[in-house]
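Chemist: Have a look; sequence and predicted model below, questions after that.
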Amino acid sequence: MKLPVISGKQAIRAFEKAGWYIERRAKSRHIIMKKPGVKTTLSIPEHKTLDRGLLRALIRDAFISVADFNKLLKK
């Protein structure tokens, strides 16, 4: 399934809908997100557009399918 071209802020909002929360902001303009019960953290850059490869890696690290992520974007 194809991934849309989205910004870092849009990705953050979609991950928040999946139960992730913002833990902190790194100095390098990255948002660090965590989810209760999951050891993995997500580091999302605050860029105007995210590279599709990076977005796919973030989705995989969040244990979400691409189809489910696209549904979260549309909510």
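Modeler: Received, thanks. Residues are numbered from 1 along each chain as shown.

Chemist: Verify the contact between residue 61 and residue 39 for me.
Modeler: No - taking contacts as C-beta atoms under 8 Å, residue 61 lies outside contact range of residue 39: 10.7 Å. Any C-beta I mention is one placed from the backbone N, CA and C, and that applies to glycine too.

Chemist: Between these two, which is the more surrounded one?
Modeler: Taking residue 61 and residue 39 together and counting by other C-beta atoms under 10 Å, residue 61 has the greater number of neighbours (13 against 6).

Chemist: what's the distance between the more buried one and residue 3?
Modeler: Residue 61 sits 14 Å away from residue 3, going by C-beta to C-beta, to the nearest Å.

Chemist: do the same with residue 23
Modeler: For residue 23, the distance to residue 3 - C-beta to C-beta - is 24 Å.

Chemist: out of these two, which sits in the busier spot?
Modeler: Remark: of residue 23 and residue 3, residue 3 carries more neighbours, 16 against 13, as counted by other C-beta under 10 Å.

Chemist: which residues touch that one?
Modeler: Residue 3 sits next to 52, 55, 56, 59, 66, 69, 70 when contact means C-beta atoms under 8 Å, 6 or more residues apart in numbering.

Chemist: Before we move on, what's the pLDDT of the second one?
Modeler: We note a pLDDT of 95 for residue 55 in this prediction.

Chemist: so where does it fall, helix or strand?
Modeler: helix 52-61 (DSSP states H and E).

Chemist: got the contact list for that helix?
Modeler: Contact with helix 52-61 is made by 3, 5-6, 11, 15, 40, 42, 44-45, 50, 65-66, 69, as judged by C-beta under 8 Å, 6+ apart.

Chemist: Report the buried members of the residues you listed.
Modeler: Restricting the contacts of helix 52-61 to buried positions leaves 3, 6, 11, 15, 42, 44, 45, 50, 69, with burial counted as 16 or more other C-beta atoms under 10 Å.

Chemist: Now pLDDT and distance to residue 33 too, for those residues, in CSV please.
Modeler: Converted to CSV, those look like this (pLDDT from 0 to 100; distance: C-beta to C-beta, whole Å):
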residue, pLDDT, distance to residue 33
3, 88, 18
6, 94, 15
11, 95, 10
15, 96, 6
42, 96, 4
44, 96, 7
45, 95, 12
50, 94, 14
69, 95, 14
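
Chemist: Cool, thanks, signing off.
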